[in-house]
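Peer 1: kindly generate the corresponding structure for this input.
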Amino acid sequence: MQPDGMYEVKPYHEKRSLNANSYFYVLQNKLAQVLKTSNDELHERLIKNYSTVTIITVPDTYDIKGFIKYYDIYNKGEIKGNSVIQYKVYKPSHEMNIKEFSRLLDGLISECKEMEIETKTPDQLLELEGYEVQTNNNKWYGTLYYMW
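Peer 2: Got it, this is the predicted structure:
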């Protein structure tokens, strides 16, 4: 119970397990070594290839660095005479639900297989707590948001 009587009510989302999370980072490290790149660079590329995407529109004078970690400029234009920039914003892995993280892990597994890095079998993956079978690897696009 909160001493000030203030409570937050929000939808329940099942959390990912550390099991699937740990496996992701083990594979990411192996792939980064093979590709001779840093874990951070590979992680950003994986996020941009397999994460949920939202398009946001902000005034061109607004600097989103420091507020949003993974983004690309999508478009530039004007709305009601104001110059704006549209950004593709990618959901960071620590904010992903089980379904989203499973898609990210599937993408990493696919890239590891291409580089002949040993991965778990599909049956072993199903045993990972916090892993969900993906049936569609299409990019997901979120809502168009305006920030003024």
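Peer 1: thought Y74 was touching I55?
Peer 2: Yes: if you go by C-beta atoms under 8 Å, Y74 and I55 touch, sitting 6.0 Å apart. Where C-beta positions appear, they are placed from N, C-alpha and C, glycine not excepted.
Peer 1: pull up the overlap in contacts between these two.
Peer 2: Q86, Y87, K88 (C-beta atoms under 8 Å, 6 or more residues apart in numbering).
Peer 1: using CSV, lay out those residues together with pLDDT, neighbour count and secondary structure.
Peer 2: Shown next, in CSV, are these (pLDDT from 0 to 100; neighbours: other C-beta atoms under 10 Å; DSSP: H, G, I helix; E, B strand; the rest coil):
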residue, pLDDT, neighbour count, secondary structure
Q86, 97, 19, strand
Y87, 97, 21, strand
K88, 97, 19, strand
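Peer 1: any chance of CSV for these, columns distance to L104?
Peer 2: Below are the shared contacts of Y74 and I55 laid out as CSV (distance: C-beta to C-beta, whole Å):
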residue, distance to L104
Q86, 24
Y87, 20
K88, 16
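Peer 1: quick one: low-confidence parts of the protein?
Peer 2: For the chain, the stretches flagged by pLDDT under 70 are 1-4, 10-18, 129-148.
Peer 1: same thing but at 50, please
Peer 2: 135-148 (pLDDT under 50).
Peer 1: where do the helices sit along it?
Peer 2: Taking DSSP state H as the criterion, the chain carries its helices at 18-35, 39-50, 98-114, 122-127.
Peer 1: can you put those helices in CSV and add distance to I64?
Peer 2: Converted to CSV, the helices of the chain look like this (distance: least, C-beta to C-beta, whole Å):
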stretch, distance to I64
helix 18-35, 25
helix 39-50, 15
helix 98-114, 21
helix 122-127, 35
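Peer 1: between the ones you listed, which one is nearest to G81?
Peer 2: The minimum distance between G81 and these falls on helix 39-50, with 32.0 Å, by C-beta to C-beta.
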